[in-house]
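# okay, structure incoming, though there's no sequence with it:
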């Protein structure tokens, strides 16, 4: 049992923060006695706070619990509670809680600054201090005491102000009793068990799905391995077959090669025969032509003819050598004479050219001397010596002219620089004025263009507003809303009506009944036919049994392939084969209806989102317009205030400026009124003094001097008062103008304030509301899209199963048809006709069943017509609803467009007025600038014209002098170039060489005549010898051609004998064709085997690659681990359940 030993209190309520007050609690009972306000309740409050951390009631969050700093005369007081107690285990523990109360400028601040637990280490005997957060401390102490916090708070240390809690309302009382007796523990434990059970069930379900998936993957892996083994077996067998085929193909290819070799040899022999026959024919023709061309046939032998031929060739070679030598000498003479002729012509041309240059040199010298004399006389440069001038004298005179030209050029540059300085100064003044003028004129043009643009935009906006108003008049929004609401109700009503009837289920039931009756009719027909025919029953029975077995195998195969999908679609349930179609169809119908419903809702949410976006865009546009209007008004007010106040001021200072202007106006008005009144009062004083000779104020009589002095003072005062009154009137006028200008801005300022304080915040609030609505609708739309995607996946998964389900249902129907047939046949064959109905009974039963079937068929048709009619009505209502919603959206957009046009028109009108006012001010400022600019431009043009004339005169004078000096320089250059080229000596040398070349040319012509005569004689002798040699050559060629013809005839006869020994071409070609067909047959068989092997190998590679995929990796181990995890998960849940049960009990 836990007990309290001691408690130290310091700085709590009335306990002094400087003194430590220790209270010892005696056993078995301690009574606390004291007068009112002594601190009895404070002790209980400190016990409760130490154990539970709860402040006492009415302590104002601790402000009145800690000693008041004002009472202590401090800005901060600290309080501390130390409680020593024995835990339920008999261990001594000290709990320390410290607090701080600080007096701020306007409030008190309470703070818990320390929470410590002190214990004694049983091994070392040392004190161990552990600091805790307040929340941790509040949980730790009740746990150490072995008493719940609720008992400490509501029973043991209950405050006197809360001691009547058993009399409170039932809900509070129940809560306190639940806390005291820990009644919620059992409830929470049950909730934990339920949650644990739910989580475990979900986890086990997940494990089972994973296990089923792994089972499917395992079966698939086994199937793939079996396929690989089978394909490998078949591939090996085909490889053996291909080796045999390859051996046969090689043998056939050897036969083909031998046959082709024989054929090639035969073709070569035939080609050689043909070539030699063609050559023989050619040579025979040539032989005949040569015989006909012989002038005479020589009877000498071939050796004699060849000897004659050799002699003639030697003689002809000597003659040809001599002729070639003479021709070379002739060509040399021709070349030499040609070279001499060219040399003579070149020297003649060169001599003429040099002579012309010498004549031109003399004329240039005369021209130079004349030019120097002309320049010196024209420009008065001094005396000139007599002509002709030597080169040194001419160069000296030329240098003197160049020095004079340099002086002229310096004068011209100095004049130009002076003129440019004066013109730049004047042009700078003009540019400054012109820049100001252009700036103002550009502003005016800009204002005009802006005004034209504003007018055009106003016109466009008016047209847009009129068009929107016309279009808006066609729509009745209230009527559209009502129609939309009615159509929505109608769509919902028809949807509910169509869903309540459940036509598909009724039609399915009717069809199943029809199907049953059809089977019954068929059975009756069979029974009727069986009565007539029984001979072939056993054969039919065997056939039917085979057919029934095939149908069952096909059904089992398809059912096993899609078993896992059926389980996933039907939530783990696996129906019977005959119920699969019904259940899958119902599942697809429910999923499809859910998908269609979600799709329509998603489209509707998307439309709502678009409408919300349109509203947000309209709100943003409206807010932007308001902001633009606010900025325009701010700029307008700032510009006006700046132009009025002549200093940069803030728009928010407008009320103060207006008030100051009004005060200034009132002050000037008062001053003016006071001065005017004083003047009116003093004006008659002079007249009264002159008439009555006394003071107008006190009626005292004046002496003449006093009267003159008084009148003089009055006149001086009147003059000064008039001048002061004039100044005051001017000041009043200025103050009045300033106030009126500021007062004219009051309306704009009020509109500006209204926009800033009311309109824009309201628009921003509306935009925030619309954004929040849009976010909510986006969330709804996203949720619908995600759910729709999930439902679509489910729907596609179910839709994939419809075709296999139809196949299963067809096989089931076939089995259901075949099983009665087999049973009937077996019964018939076993019973030998015992118990068989008569033909009349079967006919009556058949008619009644047929009538019932026709009735059901009519009902099914009626139900289908009703379903189709309701579906069409629903579709039409939905189409009308969507069309009406689109019309509503169009009307809303037109309304927004109309409002936007109205607001833009107001803004454009204000902008136009502002532009007109700005343009007027700028045009007034443009007039003086224009006058000043024109005067400066005229002055600049006059000065520039005068300077240009003076400069042109000087430049013209300098240019003429420069041209004369350039001409003189050109002449000097030509003279110097001629003298430097040494052309006089060259002319004498050329004349001597010309004379020598003429004598050498005459000698060459005489030598050419001698060589020509000797050459003609040698050519005549060569022609006569050449005729005899040609006759001998023709005889030798004829004999050679005749011998070649005889040789070719002998070769052809030998080749024909070889062809006969090989055989005919047709026999060889037939053998080759037969061998080629055999090879082609073997190759096609080989290719077929190779293609089959490649298919098997690709299947093996594909299956091996598929087995290497991640889902098949360690599939047996993963399957075993998943199965083990499933079993262990169930056992863990049982263990957790038992632990919780033990905890509760």
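Yes, it's here. Note that this is a predicted model, so its numbers are computed, not measured.
# residue boundaries of the strands in the stretch 51-200 of the chain?
Listed in chain order, the strands of the stretch 51-200 of the chain (DSSP state E, counting those that start in this stretch) span 76-86, 92-103, 108-120, 127-131.
# so what's residue 1052 closest to, chain neighbours aside?
Counting by CB to CB, 6 or more residues apart in numbering, residue 1052 lies nearest to residue 276, which is 5.1 Å off, once chain neighbours are set aside. The way it works is simple: take the backbone N, C-alpha and C, and place the C-beta from them, glycine included.
# including mean pLDDT, could the strands of the stretch 51-200 of the chain go into CSV?
Output for those, formatted as CSV (pLDDT from 0 to 100):
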stretch, mean pLDDT
strand 76-86, 90
strand 92-103, 89
strand 108-120, 83
strand 127-131, 73
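# out of those, which gets nearest to residue 551?
strand 127-131 (81.2 Å; CB to CB).
# give me the pLDDT value at residue 33.
We have a pLDDT of 90 for residue 33.
# burial measure for it, as a count.
Residues near residue 33, counting by other CB atoms under 10 Å, number 6.
# from here on, call the first residue 12.
I'll keep to 12 as the first residue from here, and by that count the last item is residue 44.
# how would you label it: helix, strand or coil?
coil (DSSP: H, G, I helix; E, B strand; the rest coil).
# contact partners for it?
Going by CB atoms under 8 Å, 6 or more residues apart in numbering, residue 44 touches residue 51.
# and what of residue 815?
Per CB under 8 Å, 6+ apart, neighbours of residue 815: 569, 572-573.
# most neighbours of all the residues you listed, which one?
residue 573 (19 neighbours).
# what's the spacing between that one and residue 494?
Residue 573 sits 49 Å away from residue 494, going by CB to CB, to the nearest Å.
# ok, then the element right after the longest helix seen in the chain?
Criterion DSSP state H: the longest helix present in the chain is helix 850-991. Sequence order places helix 994-1073 as the next helix or strand after helix 850-991, per DSSP states H and E.
# what packs against that following helix?
In terms of contacts (3 or more CB pairs under 8 Å, 6 or more residues apart in numbering; DSSP states H and E), helix 994-1073 is packed against helix 194-304, helix 313-390.
# to residue 618, which of those lies closest?
Closest among these, using CB to CB: helix 194-304, at 37.3 Å.
# between helix 994-1073 and that closest one, find me the angle.
90 degrees (axes from the mean of the first three to the mean of the last three CA atoms, to 10 degrees).
# for helix 194-304, give the mean pLDDT please.
On average, helix 194-304 scores 78.
# pop the domain breakdown of the protein in here.
Structural domains assigned to the chain are 14-192, 201-304+1070-1141, 313-400+996-1061, 450-513+850-991, 600-839, following the TED database.
# which of the helices and strands packed on helix 994-1073 sits closest to residue 889?
helix 194-304 (38.2 Å).
# just how off-centre is that closest one within its chain?
Centroid separation for helix 194-304 versus its chain: 46 Å, with CA atoms, centre = their mean, to the nearest Å.
# give the other helices and strands that it contacts.
Judged by 3+ CB pairs under 8 Å, 6+ apart, the packing partners of helix 194-304 are helix 574-580, helix 994-1073, helix 1076-1118, helix 1126-1155.
# JSON lines for the ones you listed, including mean pLDDT?
Below are the helices and strands packed on helix 194-304 laid out as JSON lines (pLDDT from 0 to 100):
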{"stretch": "helix 574-580", "mean pLDDT": "73"}
{"stretch": "helix 994-1073", "mean pLDDT": "72"}
{"stretch": "helix 1076-1118", "mean pLDDT": "81"}
{"stretch": "helix 1126-1155", "mean pLDDT": "68"}
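# deepest of the ones you listed, which one?
Burial of the helices and strands packed on helix 194-304 is given as mean neighbour count (mean count of other CB atoms under 10 Å); helix 574-580 ranks first at a mean of 17.
# which elements pack onto it?
Packing contacts for helix 574-580, counted by 3+ CB pairs under 8 Å, 6+ apart, involve helix 194-304, helix 588-656, helix 771-811.
# which of these sits closest to residue 868?
When these are compared by CB to CB, helix 588-656 sits nearest residue 868, at 19.7 Å.
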